[in-house]
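Visitor: coords please:
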Amino acid sequence: MQKTSKALFGLATAFVMSSALPNLAKADELTLCWAAWDPANALVELSKDFTAKTGTQMKFEFVPWTSYADRFLNELNSHGKLCDLIIGDSQWIGGSAENGHYVKLNDFFDKEGIKMDDFVPATVVGYSEWPKNTPNYWALPAMGDVVGWTYRKDWFEKPELQKEFKEKYGHDLAAPKTYDELKQIAEFFQKRQIDGKTVYGASIYTERGSEGITMGVTNVLYDWGFQYENPQKPYEMEGFVNSDDAVKGLEFYKSLYDCCTPPGSSNVYMVESADAFKSGQVAMQMNFAFTWPGLYKDEKVGGDRIGFFPNPAEKAHFAQLGGQGISVVSYSDKRDAALQYIKWFAQPDVQAKWWELGGFSCLNSVVNAPGFAKSQPYAQAFLDSMAIVKDFWAEPSYASLLQAMQKRVHNYVVAGNGTAKEALDGLVKDWGDVFKDDGKI
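Guide: So this is what the prediction gives:
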């Protein structure tokens, strides 16, 4: 998920291809577009098997996360032919479906026996469906991801710290189950001296420019009772976005930022949070699960020094969904061969190897396989996290919705302007204006 402008998706609904998909065919070369990150490197390695099997060469267009959305949404909006396949963010699905950027995959899935019931349900809703909770599929779940936590297991296991913590709080120093416990731990470590170095409690998302603080604060808001809309009436947000419980959740996030983060934490997202952990600054860090394999391999903080846990709970228990689905770009001249790649990628043996190489499979037969939970030190935390995911708006106008939340939440949490109630009341107004412009309310 990254920031883009509302104009990239447009408001007009374009004609969406509904005719029967042609037979699969071979192409000399396919170009797959995605972000430049560790899972992309794993996909390059995995795709060598596709080339060996089909003779089709794979070319990859990877761009940094900071320009990922702008680059590829511009490409889609201009009906460009660079990308035959694209691993697009979960938030893009609504606009890409309604504006005809992606090939609808229902007929192809039916023909090839690809069943969405074979994938983790939350990833189907999050990465594939538009409208949500309807059997209309525009992508195959490709890269499962979710916000979770890592912690300095070696610090937690120090006998003297265990003793001091239990005397102070009355329970063991261990991976927290609730946000109240997490805050206790963060306060306990804040400005503590460990191995001759001043350390801090936690690194949390605060970045304003793209989507960072939204991806962080939602983990807390969800658990306090925040809802995007009335479950019985779409787009009715008053009393749900700004409920009393939601206000308390936002106040908690600010209190965690104020009490327990390192100096200079006003613009933290994925890279900065991982760096704070790798540099030995913090006892805990919030981050997407895709960072976990690299952190576990880190020579200074990985191995036996690191532990993993899912997002804590409060009144409810959720975690912010990340990750992406893989789609066939409707403007490609090689759609048939691109569909062949989708068919190959969906195979259980390919998905199992995807996990082994460092990708995060969404296929039930992989994640529910005997021994999966122990296949990697972070596998159980990934499973637990994916079982509680919830996602941000996937509306075609999601960029405007995201920009509004970034501004309102950052102004309160980081800049200290106004109250939590004022921030969420303002967000209801902002989102209402967007949906009024869209003709949805």
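
Visitor: now the helices for the stretch 1-150 of the chain?
Guide: 6-9, 38-54, 65-77, 93-98, 106-112, 121-127 (DSSP state H, counting those that start in this stretch).

Visitor: Please name every helix or strand in contact with the host helix or strand of D275.
Guide: Assigned by DSSP states H and E, D275 belongs to helix 270-278. Applying 3 or more CB pairs under 8 Å, 6 or more residues apart in numbering; DSSP states H and E, one finds that helix 270-278 contacts strand 197-203, strand 282-288, helix 292-297. C-beta here means a position set from N, CA and C on the backbone, and glycine is covered the same way.

Visitor: and those as CSV, adding distance to E160 and mean neighbour count?
Guide: CSV is the format used below for those (distance: least, CB to CB, whole Å; neighbours: other CB atoms under 10 Å):
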stretch, distance to E160, mean neighbour count
strand 197-203, 15, 20
strand 282-288, 15, 26
helix 292-297, 25, 18
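
Visitor: Can you name the next helix or strand after the longest strand along the chain?
Guide: If you go by DSSP state E, the chain has its longest strand at strand 140-152. Per DSSP H and E, the first helix or strand lying C-terminal to strand 140-152 is helix 153-156.

Visitor: chain center to whichever helix or strand comes after that following helix: distance?
Guide: Once the chain leaves helix 153-156, the next helix or strand it forms, by DSSP H and E, is helix 159-169. Taking CA atoms, centre = their mean, to the nearest Å, one finds the center of helix 159-169 at 35 Å from the center of the full chain.

Visitor: now what about helix 159-169, what contacts it?
Guide: W155, F156, D172, L173, Q184, I185, F188 (CB atoms under 8 Å, 6 or more residues apart in numbering).

Visitor: Give me the subset of the residues you listed that lies in helices.
Guide: W155, F156, Q184, I185, F188 (DSSP state H).

Visitor: End to end on stretch 314-332, go ahead and measure it.
Guide: 46 Å (CA to CA, to the nearest Å).

Visitor: Please name the nearest non-neighbouring residue to D38.
Guide: G294 (5.7 Å; CB to CB, 6 or more residues apart in numbering).

Visitor: scratch that, D223
Guide: E314 (4.2 Å).

Visitor: how near is the nearest residue to T31 once chain neighbours are set aside to A35?
Guide: Nearest non-adjacent residue to T31, counting by CB to CB, 6+ apart: K59, 4.5 Å away. K59 is 16 Å from A35, where distance means CB to CB, to the nearest Å.

Visitor: Among those two, which residue is more densely surrounded?
Guide: A35 (23 against 12; other CB atoms under 10 Å).

Visitor: those strands in the stretch 301-441 of the chain, which residues are they?
Guide: 306-310, 319-328, 389-390 (DSSP state E, counting those that start in this stretch).

Visitor: so what does the first one touch, helix or strand wise?
Guide: The reference is to strand 306-310. Short answer (3+ CB pairs under 8 Å, 6+ apart): strand 306-310 packs on strand 140-152, helix 153-156, helix 292-297, helix 379-386.

Visitor: For the longest one, name the packing helices and strands.
Guide: Counting by 3+ CB pairs under 8 Å, 6+ apart, the packing neighbours recorded for strand 140-152 are helix 121-127, helix 212-224, strand 282-288, helix 292-297, strand 306-310, strand 319-328, helix 335-345, helix 379-386.

Visitor: Give me the contact list for the third one.
Guide: The contact list for strand 282-288, computed with CB under 8 Å, 6+ apart, reads 145-152, 155-156, 182, 185-186, 189, 199-205, 216, 219, 261-262, 270, 273-274, 276-277, 322.

Visitor: Please report the distance of the spatially closest residue to K334 that is not a sequence neighbour from T56.
Guide: Leaving aside its sequence neighbours, K334 sits nearest to A27 (CB to CB, 6+ apart; 4.3 Å). Using CB to CB, A27 is found at 5 Å from T56.

Visitor: so what's in contact with these two at the same time?
Guide: Jointly contacting A27 and T56 under the rule CB under 8 Å, 6+ apart are A337.

Visitor: In TSV, list the ones in helices among the contacts of helix 159-169 along with distance to V413, pLDDT and neighbour count.
Guide: Shown next, in TSV, are the ones in helices among the contacts of helix 159-169 (distance: CB to CB, whole Å; pLDDT from 0 to 100; neighbours: other CB atoms under 10 Å):
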residue	distance to V413	pLDDT	neighbour count
W155	26	98	20
F156	27	98	19
Q184	20	98	19
I185	20	98	22
F188	22	98	17
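
Visitor: Next, give me the two most distant ones among the residues you listed.
Guide: With CB to CB as the measure, no two of these lie farther apart than W155 and Q184, at 14.7 Å.

Visitor: Residue most distant from the centroid, this protein?
Guide: E167 (37.4 Å; CA atoms, centre = their mean).

Visitor: Go ahead and flag the most central residue of this structure.
Guide: Mean-position check on the chain, CA atoms, centre = their mean. Result G322 at 1.2 Å.

Visitor: tell me the contacts of the closest residue to that residue other than its chain neighbours?
Guide: Leaving out its chain neighbours, the residue that sits closest to G322 by CB to CB, 6+ apart is D145, at 3.4 Å. The contact partners of D145, by CB under 8 Å, 6+ apart, come to F288, A289, F290, L321, G322, G323, Q324, F360.

Visitor: Surely the residue nearest to T31 and L30 touch.
Guide: Yes - taking contacts as CB atoms under 8 Å, K59 lies within contact range of L30: 6.9 Å.

Visitor: Pull the contacting residues for A246.
Guide: Contacts of A246 (CB under 8 Å, 6+ apart): L221, W224, G225, F226, Q227, F240, L424.

Visitor: Could I get those residues in a markdown table, plus columns for pLDDT, neighbour count and distance to N368?
Guide: Below are the contacts of A246 laid out as a markdown table (pLDDT from 0 to 100; neighbours: other CB atoms under 10 Å; distance: CB to CB, whole Å):
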| residue | pLDDT | neighbour count | distance to N368 |
| --- | --- | --- | --- |
| L221 | 98 | 29 | 30 |
| W224 | 98 | 21 | 31 |
| G225 | 97 | 17 | 30 |
| F226 | 98 | 24 | 30 |
| Q227 | 98 | 17 | 29 |
| F240 | 98 | 19 | 34 |
| L424 | 98 | 25 | 38 |
